[in-house]
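J.: Requesting a structural model of the entry that follows:
(2 chains)
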Amino acid sequence: DGGITQSPKYLFRKEGQNVTLSCEQNLNHDAMYWYRQDPGQGLRLIYYSQIVNDFQKGDIAEGYSVSREKKESFPLTVTSAQKNPTAFYLCASSSTGFSSGGYTFGSGTRLTVV
Amino acid sequence: QKEVEQNSGPLSVPEGAIASLNCTYSDRGSQSFFWYRQYSGKSPELIMFIYSNGDKEDGRFTAQLNKASQYVSLLIRDSQPSDSATYLCAVSKGSNYQLIWGAGTKLIIKP
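T.: Numbering: from 1, shown residues only, chains lettered A, B, ... in the order given. The predicted structure is shown next:
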């Protein structure tokens, strides 16, 4: 079945540590996105990519980095520069045509600073 | 003014009644409209999408779009406790595939 796989489901980060969240899709979607969601809040866009080897900053990119070396993969690194990284991280993908049918989401990664 | 606005709720509805969720948007050029459901601790899942003015029905769900008034709504008939969730409205950036998200409305169905 086609879908998006995020791993790990839970992640614990120590102070000053970089961590990488994985996102893989087999939907043949060109566009991929990373969102952050804090408790009781909406989705905030971190980064998005419309094509391989290209990506753009979203509204809250500071302290995060991404890469898009393959169409299927869009990993997110939470760097030590991100001072408050505890949140629920969601990866999504979509096609890029009109009537694209919306976004498909992965199951999310819950990151906690310890 | 936010680009996509929703009442944060919570909206409390008795079981079996109709739940009505509303969303307004600011971009008159928006062409695609989506409703997602998000259970606590889970990722959003697509319920309905609508592109044309009027109503679109799918089972107990009806999406309504009024482009002149720039609002889109979701009706849930015969509400069930399992419908209790946060409902996110998403609107396209003009004719672009990228979506702008509302903050969501929390719906509680009381048995």
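
J.: Tell me where chain B has helices.
T.: For chain B, no helices turn up when DSSP state H is the criterion.

J.: So what pairs up with the spatially most central residue of chain A in the strands?
T.: With distances taken as C-alpha atoms, centre = their mean, A:W34 lies nearest the centre of chain A, 2.8 Å away. Taking DSSP bridges as the rule, A:W34 bridges to A:Y47, A:C91.

J.: which residues does it contact?
T.: A:21, A:23, A:45-48, A:58, A:64, A:66, A:74, A:76, A:89-91 (C-beta atoms under 8 Å, 6 or more residues apart in numbering or on different chains). The way it works is simple: take the backbone N, C-alpha and C, and place the C-beta from them, glycine included.

J.: Closest one to chain B out of those residues, please.
T.: A:L90 (5.6 Å; C-beta to the nearest C-beta).

J.: Now that closest one: closest residue in space, sequence neighbours ignored.
T.: With C-beta to C-beta, 6 or more residues apart in numbering or on different chains as the criterion, A:L90 has its nearest non-adjacent residue at 4.5 Å, and that residue is A:Y35.

J.: pretty sure the one you found contacts A:Y48?
T.: No - using C-beta atoms under 8 Å as the test, A:Y35 is too far from A:Y48 to be in contact (9.3 Å).

J.: So the two - more neighbours on which side?
T.: Each of A:Y35 and A:Y48 has its neighbours counted (other C-beta atoms under 10 Å in any protein chain shown); A:Y35 has more, 27 against 23.

J.: And the more buried one, how far from A:L45?
T.: Distance, A:Y35 to A:L45, using C-beta to C-beta, to the nearest Å: 6 Å.

J.: ok, now B:Y51?
T.: Here B:Y51 is placed at a distance of 23 Å from A:L45 (C-beta to C-beta).

J.: need the contact list for the residue lying closest to B:Q1 once chain neighbours are set aside.
T.: Take B:Q1 and drop its neighbours on the chain: the residue closest to it by C-beta to C-beta, 6+ apart is B:S26, 5.9 Å away. Neighbouring residues of B:S26 by C-beta under 8 Å, 6+ apart: B:Q1, B:K2, B:E3, B:V4, B:Q70.
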